[in-house]
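Enquirer: sequence first, predicted coordinates after that:
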Amino acid sequence: MPLKGNQWVLTLAENHRDLALFNMAIDSKLRGCDLVKMKVVDVMASGQIKERASVLQSKTQKPVRFEISEGTRASVEKWMEDELMVGSEYLWPGRFHERLHISTRQYARIVRKWATPIGLEASAYGTHSMRRTKVTHIYKKTGNLRAVQRPLGHTKMGSTVRYLGVELEDALAIAEAIEI
């Protein structure tokens, strides 16, 4: 998903939650089910937003670490000032008392809503578009599959190759070029 267009639209609209959610989705590279369950303590310590965070993935039951960029920290700080966040355990609280955090379905609706204002076909973008964004840029800049594998929490290189849609020949050429 194009980064600058959405960040600009969300900033202009003063939609602090969506801007923080958008930025955190890009930085964390988490699956939607893990992103919506993030807790305030995952990203905040001593009243400050952490530079790095670790979240236990529900699919693999393994922790994945990620950086929280300066822009993301600023947007999360602004979101934390919102009255909805007072006393909230979850970073993305639900609107109803029986719902502790937004659902993955709600997150998917939010992502589709982000595509329209910048001229994208909403049906072509989903929560995995957010997960893929940063790792795709990392791979294109470095050609290093290992640099992408770890942040995604993949245990097998083949999973990462399929995930990025890398052609087998490209993956083999890259792997051969890396000396261990």
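Expert: Noted; the coordinates are in hand.
Enquirer: and the contacts of stretch 128-139?
Expert: Stretch 128-139 is contacted from outside by 1, 3, 22, 25-27, 29-32, 35, 111, 144-145, 147-148, 151-152, 163-164, 166, using CB atoms under 8 Å, 6 or more residues apart in numbering. C-beta coordinates here come from the backbone N, C-alpha and C atoms, glycine included.
Enquirer: and the spatially closest residue to Lys59 that is not a sequence neighbour, what is it in contact with?
Expert: For Lys59, ignoring the flanking residues on the chain, the nearest one in space by CB to CB, 6 or more residues apart in numbering is Arg31 at 6.6 Å. Arg31 is in contact with 57-59, 127-128, 131, counting by CB under 8 Å, 6+ apart.
Enquirer: turn these into CSV, columns for neighbour count.
Expert: Listed next are those as CSV, based on neighbours: other CB atoms under 10 Å:
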residue, neighbour count
Gln57, 15
Ser58, 11
Lys59, 9
Thr127, 21
His128, 13
Arg131, 22
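Enquirer: looking at those, which is nearest Tyr90?
Expert: Closest approach to Tyr90 among the contacts of Arg31 (CB to CB): Ser58, at 14.6 Å.
Enquirer: in the protein, where is pLDDT below threshold?
Expert: Applying pLDDT under 70 to the chain picks out residues 1-13, 97-99, 122, 124, 166-172, 174-175, 178-180.
Enquirer: one more pass at 80, please.
Expert: 1-14, 95-99, 114-129, 131, 163, 165-180 (pLDDT under 80).
Enquirer: go through the lengthiest helix in it and flag the buried ones.
Expert: Among the segments of the chain that qualify as a helix by DSSP state H, the longest is helix 127-142. For helix 127-142, the neighbour count (16 or more other CB atoms under 10 Å) marks 127, 129-135, 138-139 as buried.
Enquirer: need the contact list for the residue nearest to the spatial centre of the chain.
Expert: Here the mean C-alpha position of the chain is nearest to the C-alpha of Ala25 (CA atoms, centre = their mean), at a distance of 2.0 Å. By CB under 8 Å, 6+ apart, the contact list for Ala25 reads 35, 111, 127, 130-131.
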